[in-house]
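# Show me the folded form of this:
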Amino acid sequence: MPLHLSLLPYWVAAWLFFWGLYGIVTSRHLVHCVVCLAVLQTSTYMLLLGIGYRRGGTAPVFADIPPGRLTVDPVVQALMLTDVVVEAVVVALLLAIVVKAHEKSGCVDPHDLRTLRG
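Numbers count the residues shown, from 1 in each chain. Have a look, this model is predicted:
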């Protein structure tokens, strides 16, 4: 396998990370900021896919395969499932905070939320 193809998931992860970070930094709307955070968090999926992928590897169901067969790392798959759940919870919590901020101040621009400062 050419070297540039083995680095593709890492490049995609870096690209998603920096676009998500750029969106958060330049965001003028709280919902847009939450969506950009979700894109940024999606970069961890690509990173975990790149780490856990094995060319020619099979699924890590050890009941049906002979010993010594190359398998995909099951720990990385468990981490990815955990990451999906954490992202869903974080996005739901942040969207609930955005709704409450809109109810209190009437706007969703991060720079106009000075009325919420105590």
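
# longest helix anywhere in the chain?
Assignment by DSSP state H gives helix 74-105 as the longest helix of the chain.

# Show me what counts as buried in it.
With burial defined by 16 or more other CB atoms under 10 Å, the residues of helix 74-105 counted as buried are 76, 79-80, 83, 87, 94, 98, 101. All C-beta spots, glycine's among them, are computed from the backbone N, C-alpha and C.

# Helices of this structure, residue ranges please.
Going by DSSP H, the chain shows helices at 3-6, 8-26, 30-52, 74-105.

# Just the closest of the buried residues of helix 74-105 to residue 53, please.
Residue 53 lies nearest to residue 76 out of the buried residues of helix 74-105, by CB to CB, at 8.6 Å.

# Name the nearest residue to that closest one, ignoring sequence neighbours.
In space, residue 76 comes closest to residue 52 once its chain neighbours are excluded; the distance is 3.0 Å by CB to CB, 6 or more residues apart in numbering.

# Which one of the helices of the chain lies nearest to residue 66?
Nearest to residue 66, of all the helices of the chain, is helix 74-105, at 17.1 Å by CB to CB.

# elements contacting that closest one?
Under the contact criterion of 3 or more CB pairs under 8 Å, 6 or more residues apart in numbering; DSSP states H and E, helix 74-105 touches helix 30-52.

# what does the helix it packs on rub up against?
8-10, 12-17, 19-24, 27, 72-73, 75-77, 79-80, 83-84, 87, 90-91, 94-95, 98, 101-102, 108-110 (CB atoms under 8 Å, 6 or more residues apart in numbering).
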